[in-house]
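Asker: Using only what follows, build the 3D model:
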Amino acid sequence: MLDNILSPKETKIIVFEKTITIKPLSLKQTLMLGEILGSISEEIKTHFKEKDISDAQTLMQILNIAGYKKAGGIINILLNWQIENKTDCEISQEISLQEISSLTKALAEVNDFKEIFINFTTALEKLKI
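Answerer: Next up, the predicted model:
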């Protein structure tokens, strides 16, 4: 019972004036997030093959690739595709910082990331990977 209080099975937030139920991330959501993050990484590697990425202008270009182009898709996955009337681009352009912070807090509340990390670390150690 205490586990459910510390890490509830779901919570509700308001995004775009709609009540959204946030649940623990599913395997499908996790794999789709990995795919998007992998594509961002590949796009950055391709775009900046031999450039020094330590200057501010290049950092802004990276944020543009990572953020603007992919943020809506990431947010849509984290919201479990519950925003039906907006494209990924519209989501990334219109979501407020308050809504993003509420989503981040809700995800942390329903997913015990510390336990997940410990479990995978322990499993990898046992597998000697």
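
Asker: Grab the most central residue of this structure for me.
Answerer: By CA atoms, centre = their mean, the chain has its centre lying nearest to residue 74, at 5.3 Å.

Asker: which ones are touching it?
Answerer: Residues near residue 74 by CB atoms under 8 Å, 6 or more residues apart in numbering: 33, 36-37. C-beta: built from backbone N, CA, C; applies to glycine.

Asker: burial count for residue 20?
Answerer: 19 (other CB atoms under 10 Å).

Asker: my guess is it meets residue 78, correct?
Answerer: No. Residue 20 is beyond contact range of residue 78, at 9.7 Å (criterion: CB atoms under 8 Å).

Asker: that older thread, a markdown table for the contacts of residue 74, including neighbour count, secondary structure and distance to residue 114?
Answerer: Below are the contacts of residue 74 laid out as a markdown table (neighbours: other CB atoms under 10 Å; DSSP: H, G, I helix; E, B strand; the rest coil; distance: CB to CB, whole Å):
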| residue | neighbour count | secondary structure | distance to residue 114 |
| --- | --- | --- | --- |
| 33 | 15 | helix | 19 |
| 36 | 18 | helix | 24 |
| 37 | 13 | helix | 21 |
